[in-house]
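Asker: Got a sequence here, can you model it:
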Amino acid sequence: MQTYFNELADYLTTQLRGDEFFLANFGGEHSDFVRFNTSAIRQAGNVLEKAMSVELIVGSRHAGATVTLSGEQAADRGRLDGVLAALRERVPHLPEDPHLLYAKDVTNTQQHGDNRLPEQGAAVNEILTAGVGRDLVGIYAHGGIFRGFANSLGQRNWFSAYTFNFDWCFYHSKDKAVKTTYAGFEWDSEEFARKTSSAAEQLGLLAREPKTVPPASYRAYLAPAAVAELLETVCWGGFGLKAHRTKSTSLLKMIEAKARLGLCVTIAENTREGMAPNFQSAGFMRPERVVLIDGGELAGCLVSPRSAKEYGERPNGASSSETPESLDVEAGDLPATEVLRRLDTGVYINNLWYLNYSDRPACRITGMTRFATFWVEGGQIAAPLSVMRFDETIYRMLGENLLHLTQERDFLPSASTYGGRSTDSVRTPGALVEGLRFTL
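Answerer: Numbering: from 1, shown residues only. Take a look at the predicted model:
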């Protein structure tokens, strides 16, 4: 795919007129999908997809369009000719863009991921074995993801990664299930067996009579998937330069009131250990690591080219949305084997959902528990809990009320396939929290 993309980019260069300039971005994948229900294969498929976005720039006016590629050179050149013609017609009628910024220093890179994926049949057989005697529901996807950038200065960047993602549940009944994710670059049968065993153990606990506790504040353990849900909510404008300068960030109190998180909390955009490419759509390179929270204190922002131009800063490889794509939370000091004992009596939360802000400037978040949530007494799981709603600020959950982060972290790639398989990921530990407020 890289050679094909470069050939099309070279062709675009030859078709420019006068002072025209282009940016081109390529996205593609070659993925296999298997969908499971009641521990049986219900659907299997294969996706081979290629698309190219072209931005035509004349001075400070610009317009863009995306075209699906067939892989046949003559047909795709014809499509690009049509795109250029349409953009040429549109650009003169657009206003000048004072915040337009794109890379002019040529930096060429190639990042080729190793394909260490298992034969699909081998992974599927292990999944089917794990589902024997249980109701397993989920989707397994694996294959290559490809990204490319080119401009008319001759810059060429390429990225490929070969990943798998198995997002599944052991279903019990009604709203009770144990949700688990296993994802990465290389399938480890022992690791999958460990996750399966843990999920099966929790599935057995769901058979107990559910318990309901009154709304109150409880000590709680948030598993890595639950912490990831919280942080993904904070990422909605929380870390972007524009949101900070316009004071629309949910972390406003960290800027104006010197609010902070716990000393053990360090959060970064960690491109080096994530799945996202090391370049962005305007041709700027991404640093290996951008620290956002350092020891609980606000340390930096994600700066897109447009925000950099508007506010006189340097871009640091952020996308136009200025949201993390390879979010990384450093590990803590609590061994996972000690979580139940240290929780003692309280709520064990595997997953959260329907999260939203109840007070955005205060970074107060509300949401619901989901799937396997348990009541713990004396360091032992006593019963599954009925669904509960929490309402709490990030400054309490990951700040003044944070007791420990776990030594172990989970790598949680996005399972999104909307428009193609995502390269976003979160790596986070679990969190033991005092006094988590439940309102329902």
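
Asker: Which strand residues bridge the spatially closest residue to Q2 that is not a sequence neighbour?
Answerer: Residue nearest to Q2 in three dimensions, not counting chain neighbours: W158, with 4.8 Å by Cβ to Cβ, 6 or more residues apart in numbering. For glycine as for every other residue, the C-beta is placed from the backbone atoms N, C-alpha and C. Beta bridges link W158 to Q110, G148, judged by DSSP bridges.

Asker: What of G144?
Answerer: Beta bridges link G144 to H30, Y162, judged by DSSP bridges.

Asker: So it sits against A161, correct?
Answerer: Yes - G144 is within contact range of A161, at 7.2 Å (criterion: Cβ atoms under 8 Å).

Asker: more neighbours, the two?
Answerer: A161 (23 against 18; other Cβ atoms under 10 Å).

Asker: ok, now how distant is that one from S422?
Answerer: The spacing between A161 and S422, counted by Cβ to Cβ, to the nearest Å, is 11 Å.

Asker: ok, and for the helix or strand harbouring R90, which residues are buried?
Answerer: Here R90 is covered by helix 73-90, with elements defined by DSSP states H and E. Buried residues in helix 73-90, counted by 16 or more other Cβ atoms under 10 Å: 76, 80, 83-84, 87.

Asker: hmm, who's touching it?
Answerer: Counting by Cβ atoms under 8 Å, 6 or more residues apart in numbering, the neighbours of helix 73-90 from elsewhere in the structure are 4, 7-8, 11-12, 15, 17, 20, 52, 54, 56, 63-65, 67-70.

Asker: residues shared between the contacts of G144 and A161?
Answerer: The contact sets of G144 and A161 overlap at G113 (Cβ under 8 Å, 6+ apart).

Asker: now the helix holding R90, how far from the centre of its chain.
Answerer: A distance of 33 Å separates the C-alpha centroid of helix 73-90 from that of its chain, computed with Cα atoms, centre = their mean, to the nearest Å.

Asker: Can you give me the domain boundaries for the chain?
Answerer: As recorded under automatic domain parsing, the domains making up the chain are 2-205, 217-437.

Asker: picking up where we left off before, which one among the buried residues of helix 73-90 gets closest to E126?
Answerer: Nearest to E126 out of those is D76 (Cβ to Cβ; 39.2 Å).

Asker: in the helix or strand containing S358, what counts as buried?
Answerer: For S358, the host element (DSSP H and E) is strand 346-359. Neighbour-count burial for strand 346-359, counted by 16+ other Cβ under 10 Å, picks out 346-352, 355, 357.

Asker: Switch those residues over to a markdown table; also include pLDDT and distance to L436.
Answerer: Rendered in a markdown table, the data for the buried residues of strand 346-359 read as follows (pLDDT from 0 to 100; distance: Cβ to Cβ, whole Å):
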| residue | pLDDT | distance to L436 |
| --- | --- | --- |
| G346 | 98 | 8 |
| V347 | 98 | 7 |
| Y348 | 98 | 11 |
| I349 | 97 | 8 |
| N350 | 96 | 14 |
| N351 | 95 | 15 |
| L352 | 96 | 11 |
| L355 | 97 | 14 |
| Y357 | 97 | 17 |
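
Asker: Would you convert those residues into a markdown table that also reports distance to P335?
Answerer: Rendered in a markdown table, the data for the buried residues of strand 346-359 read as follows (distance: Cβ to Cβ, whole Å):
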| residue | distance to P335 |
| --- | --- |
| G346 | 18 |
| V347 | 20 |
| Y348 | 16 |
| I349 | 19 |
| N350 | 18 |
| N351 | 22 |
| L352 | 23 |
| L355 | 28 |
| Y357 | 33 |
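
Asker: just curious, which of the residues you listed is nearest to R286?
Answerer: Taking Cβ to Cβ as the measure, R286 lies nearest L355 of the buried residues of strand 346-359, at 26.9 Å.

Asker: What separation is there between the nearest residue to that closest one once chain neighbours are set aside and L405?
Answerer: With Cβ to Cβ, 6+ apart as the measure, G367 is the residue that lies nearest to L355, at 3.7 Å, once sequence neighbours are left out. G367 is 20 Å from L405, where distance means Cβ to Cβ.

Asker: now do V227
Answerer: Between V227 and L405 the distance is 8 Å, computed by Cβ to Cβ.

Asker: which residues do the two both contact?
Answerer: Contact criterion Cβ under 8 Å, 6+ apart; residues bridging V227 and L405 by contacting each: 329, 429-431.

Asker: What about those, which are in strands?
Answerer: The members of the shared contacts of V227 and L405 that map onto strands under DSSP state E are 329, 429-431.

Asker: show me the contacts for A183.
Answerer: For A183, the contacting residues are 163-167, 411-413, 415, taking Cβ under 8 Å, 6+ apart as the criterion.

Asker: Tell me which of these fall in strands.
Answerer: For the contacts of A183, secondary structure assignment (DSSP E) places 163-167, 411-413 in strands.

Asker: where do the strands sit along the stretch 101-250 of the chain?
Answerer: With DSSP state E, counting those that start in this stretch, the ranges of strands along the stretch 101-250 of the chain come out as 109-112, 135-151, 156-173, 176-184, 217-222.

Asker: Run a quick neighbour tally on I394.
Answerer: Other residues within reach of I394 by the criterion other Cβ under 10 Å amount to 23.

Asker: tell me the pLDDT at it?
Answerer: Confidence at I394, expressed as pLDDT, is 98.

Asker: who touches the residue lying closest to it once chain neighbours are set aside in this structure?
Answerer: Nearest in space to I394, with sequence neighbours left out and distances taken as Cβ to Cβ, 6+ apart, is C363 at 4.4 Å. Neighbouring residues of C363 by Cβ under 8 Å, 6+ apart: 234, 238, 250-253, 357, 393-395.
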